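Chemist: got a predicted model here, sequence first, then my questions.
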Amino acid sequence: MNARSERQAEEMLELVGFRLGEEEFGVSIQDVREIIRMQEVTRVPHAPEFVEGVINLRGQVVPIVDLRKRLGMPSKERDRDTRIVIVELDGELVGFIVDAVTEVLRVPKDQTEPPPEMVVGVDQEYITAVGKLEDRLLILLDLHKVLSKEEQKEVKGISAQGELTLEAKIVERPKGEVGTSEKEALGQAKQKALRA
């Protein structure tokens, strides 16, 4: 074994594994900011079909993308295993809804292969590699490519629009029912509006 193949054998990919249907996917742990339970998502008018809406994550408005819809997979009813994987795309937080998060794993880089032309109906452009685990395959996704640059701009716009939607939602609540994080989101929305 030469020095290059020894380095590659030693290189490990640290991944967050998740399920969409029967398929298991993985994304680089470096891209994942956090994983949260499914929560109420506030719809935003005129959002693309795959964008569910926005959530308030500790005072920050985060757009939420249904990864099943984005990848052209059939819908599934959400259950107690459903999670939102929060990632940072070009400085903005975006949440991706997945059926379940399975594990954090380390896969030797030499146990991955370039993606075949077509994998489970998911466009090859989103796939970085296919990991060969002992008893299964793991499709490695690049969440930065799941949304095109144009769609990322749209999602950023939804984030700003979502702040106004959340502000309207807060105003509709009876007096005294505004939570601390909602107040923070409202303040941030007003600051962004002033800067625009």
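Modeler: It's in.
Chemist: now do the contacts for the spatially closest residue to Glu88 that is not a sequence neighbour.
Modeler: Among residues not flanking Glu88 along the chain, Arg33 sits closest, at 5.6 Å (CB to CB, 6 or more residues apart in numbering). In this view, the C-beta of every residue, glycine as well, is placed from N, C-alpha and C. Counting by CB atoms under 8 Å, 6 or more residues apart in numbering, Arg33 makes contact with Ile86, Val87, Glu88, Leu93.
Chemist: over to Asp79?
Modeler: Asp79 touches nothing, counting by CB under 8 Å, 6+ apart.
Chemist: please shift the residue numbers so they start at 186 in all later answers.
Modeler: Yes, from this point I'll number from 186; that puts the last item at Asp264.
Chemist: beta partners for the residue nearest the centre of the chain?
Modeler: A centroid search over the chain (CA atoms, centre = their mean) returns Phe281, at 2.7 Å, as the residue closest to the centre. Beta-bridge pairing for Phe281 (DSSP bridges): Val250, Val270.
Chemist: OK, contacts around it?
Modeler: By CB under 8 Å, 6+ apart, the contact list for Phe281 reads Ile249, Val250, Leu252, Arg255, Ile269, Val270, Val272, Leu328, Val331.
Chemist: swap in Leu326?
Modeler: Contacts of Leu326 (CB under 8 Å, 6+ apart): Phe210, Gly211, Val212, Val307, Tyr311, Ile312, Thr313.
Chemist: how about residues contacting the strand or helix carrying the third one?
Modeler: Here Val212 sits within strand 208-213, counting by DSSP states H and E. Residues lying outside strand 208-213 but in contact with it, judged by CB under 8 Å, 6+ apart, are 198-204, 270, 272, 283, 287, 290, 292, 305, 316, 321-328.
Chemist: before we move on, the earlier item: farthest pair within the contacts of Phe281?
Modeler: Pairwise distances across these peak at 14.5 Å for Ile269 and Val331 (criterion: CB to CB).
Chemist: still on that earlier bit, okay, the residue nearest to the centre of the chain: pLDDT?
Modeler: For Phe281, the pLDDT comes out at 97.
Chemist: ok, now how distant is it from Glu298?
Modeler: From Phe281 over to Glu298 the distance is 24 Å, taken as CB to CB, to the nearest Å.
Chemist: cool, and Leu278?
Modeler: 31 Å.
Chemist: low-confidence stretches in this protein?
Modeler: Residue ranges of the chain with pLDDT under 70: 186-195, 302-309, 344-381.
Chemist: what segments of it are helices?
Modeler: Shown for the chain, the helices assigned by DSSP state H span residues 188-195, 252-255, 328-331, 334-357, 365-380.
Chemist: let me see the residues that make contact with the third one.
Modeler: Applying CB under 8 Å, 6+ apart, the external contacts of helix 328-331 come out as Val212, Asp216, Val250, Leu252, Arg255, Leu256, Val272, Leu274, Asp275, Phe281, Glu310, Tyr311.
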